[in-house]
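Engineer: sequence first, predicted model second:
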Amino acid sequence: MNPDILRERQNATFDIEKLTNILDGGAERTNRRREIREVLVLNDPDFDYGTPTSLPTMILKLREYGISDPVEINWYKSMYWGTGREALGLHYVMFLPTLYTQCDSEQFNKWVPLIIGTYAQTEMGHGTHLRGLETTATFDPATQEFVMHSPTVTSIKWWPGGRNPLFLPLIFLSIPLSASLFDLFLSGFALPTCSGIVIGDIGPKFGFDAVDNGYLKLEHVRIPRENMLMKYAQVKPDGSYVKPLSSKLTYGTMVFIRSLIVGNAGIVLSQCCTIAIRYSAVRHQSEIRAGEAEPQILDYQTQQHKLFPLLATAYAFLFAGQYMIDTYNRISGDINQGDLSEMPELHALSAGLKAFTTWTANTGIEVCRMSCGGHGYSRSSALPDIYVEFTPSCTYEGENTVMMLQTARFLMKSYRQVQAGQQLSGAVSYLNKVHHRVMAPQAVSSQLDLNLNTLVDLYEIRAAMLVELAAQSIQQESARGKCQEDSWNNSTIDLVRASDAHCHYMVLKMFRDKVDQIEDPGVHSVMSTLAHLYAIHGMGNFTGDFLQAGVLTGAQVPSVSKCLKGLLAEVRPSAVLLVDAFDHHDKMLNSVLGRHDGNVYEAMFEWARSSPLNRTEVHESFHKHLKPLQAKL
Ligand SMILES: CCCCC/C=C\C/C=C\C/C=C\CCCCC(=O)SCCNC(=O)CCNC(=O)[C@H](O)C(C)(C)COP(=O)(O)OP(=O)(O)OC[C@H]1O[C@@H](n2cnc3c(N)ncnc32)[C@H](O)[C@@H]1OP(=O)(O)O
Ligand SMILES: Cc1cc2nc3c(=O)[nH]c(=O)nc-3n(C[C@H](O)[C@H](O)[C@H](O)COP(=O)(O)OP(=O)(O)OC[C@H]3O[C@@H](n4cnc5c(N)ncnc54)[C@H](O)[C@@H]3O)c2cc1C
């Protein structure tokens, strides 16, 4: 083991295993995750990662082992495929969940065990604006079929991931009856026997190469009436339409995956922090004091300033992901029982946190890559591949700006309710104080109050102020004679800013609540330090907001920076131990820089030598192209 990394692991001030257990949701979950990793994948003689049979092998193994819990599927898949995506991602995270949540019992028993599918909602002309989708599904009572049709070029289904060229069960979103409503259809086309279908691949993408994203054009293709997913809405044999309790129930799968993406952003950021911090512990470069040995780059304050706030953010997002999934499971359980009262709040929370966490993690991956210098740009680091695979999460499952505006819609509605004298509960209950003006900033002392509860309060006041400013912008636009829609559009910068601040407050609050639950003194102490670092770092990035909210004075601003530097120094001794607690296996991380043993250089040389370009002393292209050319010169 590299001596630097060995030294970093001595004198631990907290129990790493206990922190790993907290991240997994308990010791039993850690044991189960490791069992899946070590026994069911790594020590499985059939484990054949990277071969053409990998995918079918994985599917058969998941069934053989009876792994159906979404989180356990993800544990298995992420061990099997490492940090990359695989072609069936969409089947597991969108196609199956849609069947689970939108099929009636007969359809469920008929389809779920049997098929692999994709989710074809987006069209060439519309991905965000679902009410603008153009694919039609017209019911023919004479034949008891729906006629599916792509009326325009912009209605061609575009992007469905994992498009299987031979058999095409897919979840369709189409407009069967009216522009405001659409429903889900399962269409089992066995190509090429089924006429009226034009299918293909949309061509090379920025990345996501393991997933074949396709296109699908339908020309009056008929499917049985029974293929409409009929849990919430039905078309009866006589053609009558039974509306769902809410037209937004059709959007349920997107809310589910957005909820998953929150925790996934934490996982991806934790992978990158593991790579960058372990590498920064073994990389020596330049000098701090003339004549002395080159220091570990992790001892540079700027390197700590790049990486430690991201480390704190990774923990924050992992805890936010746990909260999000728990909230999703609770509210979707209520929805299943017909109680839709919290559906708007679930939508607003999942939409906002999906955007907030993916935007932050997306930027953070690049900071981690650049903090590793040239070797960060090598594919051996795994960081370029992680970035390329993660960055579309800012676009898919709800483009981030649009998602933030959905959260803003909920915040504005809540603000208006408070103005009308209603008492709010849940995540927006802090807005009650705005109405009663108890949001007045507390007496701000000359010293920055570092109590975590106080910091959460300051973030709450910042969010409330920005919500009020956005609402006032809309009111001012209306007062200038603008219609409601234009008043909204002319305030969308403020609205996104308010949603971002609301999400930031929510994430810090979840972090603080999680720290409060930690009983082990050593783990509590190090997690409390990270939560403080997360809060102070955000205060440094958004100082203007806190000044504008009156919860920070100009005189206190220097102490924010001073406090930040102190927290960076406090984290430094535990940095490698804190990434060890993420418990990312070398095989899954697939990074020369992030190896657990820290033996980076030897591994990098081996990695380079294994490059296809180094298979022969002289590359065949010399003999094929250069030598004949030389002979002519
Ligand atoms: C098992 C572990 C796995 C871990 C893996 C984790 C991550 C892996 C990541 C990815 C997986 C792999 C690949 C990803 C592939 C990506 C697949 C896709 O991208 S599928 C397509 C996704 N598309 C979208 O998300 C479309 C986005 N657009 C919309 O959702 C809607 O158009 C809209 C923007 C929300 C607007 O809808 P609409 O116009 O109908 O509504 P509005 O008029 O704006 O508002 C009316 C009203 O409705 C409320 N509302 C809107 N949506 C919802 C909802 N979902 N739920 C509840 N309520 C909703 C809205 O709040 C308004 O309410 P009110 O203000 O009270 O009127
Ligand atoms: C890798 C990848 C995989 C995908 N897989 C699938 C899949 O399997 N199935 C599927 O159905 N789809 C899939 N998609 C499509 C994806 O869901 C859409 O691209 C996404 O919903 C964004 O919609 P759009 O492309 O129409 O972008 P647009 O909405 O056209 O966004 C373009 C710009 O317009 C802005 N904008 C749009 N509306 C508003 C508004 N109301 N207010 C302010 N600004 C606005 C956006 O902020 C953005 O800046 C995938 C996409 C990617 C990148």
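Structural biologist: That came through fine. The structure presented is a predicted model; accordingly, all values stated were derived computationally and were not measured. Ligands and ions are numbered 1, 2, ... in the order given.
Engineer: contact partners for residue 5?
Structural biologist: Shown here is residue 5, whose contacts under the criterion C-beta atoms under 8 Å, 6 or more residues apart in numbering are 278, 281, 282, 576, 597, 598. C-betas here are computed from N, CA, C, even on glycine.
Engineer: let me know whether residue 578 touches residue 529 as I believe.
Structural biologist: No. With contact defined as C-beta atoms under 8 Å, residue 578 does not count as touching residue 529 (9.8 Å).
Engineer: between those two, which contacts overlap?
Structural biologist: residue 571.
Engineer: how's the protein carved up into domains?
Structural biologist: The record, using automatic domain parsing to delimit domains, assigns the chain the ranges 34-88+252-400, 117-244.
Engineer: all helices for the stretch 51-200 of the chain, in order.
Structural biologist: 54-64, 70-81, 89-90, 96-102, 105-111 (DSSP state H, counting those that start in this stretch).
Engineer: just send those helices back as CSV, with mean neighbour count too.
Structural biologist: CSV is the format used below for these (neighbours: other C-beta atoms under 10 Å):
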stretch, mean neighbour count
helix 54-64, 15
helix 70-81, 20
helix 89-90, 22
helix 96-102, 21
helix 105-111, 14
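Engineer: how many residues are close by the residue of the stretch 101-250 of the chain found nearest ligand 2?
Structural biologist: For the stretch 101-250 of the chain and ligand 2, the shortest gap (C-beta to the nearest ligand atom) falls at residue 127, measuring 2.4 Å. Here the number of neighbours of residue 127 (other C-beta atoms under 10 Å) works out to 18.
Engineer: that one and residue 448, how far apart?
Structural biologist: When C-beta to C-beta, to the nearest Å is applied, the distance between residue 127 and residue 448 equals 44 Å.
Engineer: check residue 524 too.
Structural biologist: 22 Å.
Engineer: tell me, what residue is most central in this structure?
Structural biologist: Geometric centre of the chain, nearest residue: residue 261, 2.9 Å, by C-alpha atoms, centre = their mean.
Engineer: so that residue is in contact with residue 357, correct?
Structural biologist: Yes. At 7.2 Å, residue 261 and residue 357 qualify as touching, with contact defined as C-beta under 8 Å.
Engineer: hmm, back to that, which of the helices or strands spans the residue nearest to the centre of the chain?
Structural biologist: Under the criterion DSSP states H and E, the helix or strand holding residue 261 is helix 252-282.
Engineer: for that helix, the averaged confidence score.
Structural biologist: Per-residue pLDDT values across helix 252-282 average out to 96.
Engineer: quick one: that helix to helix 70-81, angle?
Structural biologist: Our comparison of helix 252-282 with helix 70-81, counting by axes from the mean of the first three to the mean of the last three C-alpha atoms, to 10 degrees, yields an angle of 50 degrees.
Engineer: helix 252-282 near ligand 1 at all?
Structural biologist: Yes. With C-beta under 6 Å from any ligand atom as the measure, helix 252-282 is seen reaching ligand 1 through 254, 255, 260, 261, 264.
Engineer: can you name the element that comes right after that helix?
Structural biologist: Counting by DSSP H and E, the next helix or strand C-terminal to helix 252-282 is helix 301-336.
Engineer: going by contacts, tell me the helices and strands next to the helix or strand just after that following helix.
Structural biologist: Next in sequence after helix 301-336, counting helices and strands by DSSP H and E, comes helix 343-370. Helix 343-370 sits against helix 252-282, helix 301-336, helix 373-377, helix 383-390, helix 400-419, helix 492-517, with contacts defined as 3 or more C-beta pairs under 8 Å, 6 or more residues apart in numbering; DSSP states H and E.
Engineer: tell me the buried residues in helix 343-370?
Structural biologist: Of the residues in helix 343-370, those buried by neighbour count under the rule 16 or more other C-beta atoms under 10 Å are 343-362, 364-365, 367-369.
Engineer: quick check, pLDDT for residue 238.
Structural biologist: Reported pLDDT at residue 238 in the predicted model: 94.
Engineer: residues in contact with the closest residue to it other than its chain neighbours?
Structural biologist: In space, and not counting its chain neighbours, residue 238 is closest to residue 141: 6.5 Å by C-beta to C-beta, 6 or more residues apart in numbering. Applying C-beta under 8 Å, 6+ apart, we find residue 141 in contact with 237, 238, 239.
Engineer: coming back round to it: would you turn the residues of helix 252-282 next to ligand 1 into a markdown table with distance to residue 408?
Structural biologist: A markdown table is the format used below for these (distance: C-beta to C-beta, whole Å):
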| residue | distance to residue 408 |
| --- | --- |
| 254 | 18 |
| 255 | 17 |
| 260 | 23 |
| 261 | 19 |
| 264 | 23 |
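Engineer: closest to ligand 2 among those residues?
Structural biologist: Taking C-beta to the nearest ligand atom as the measure, ligand 2 lies nearest residue 254 of the residues of helix 252-282 next to ligand 1, at 8.7 Å.
Engineer: surely that closest one and residue 397 touch.
Structural biologist: Yes. In this structure, residue 254 is within contact of residue 397 by C-beta under 8 Å, at 6.0 Å.
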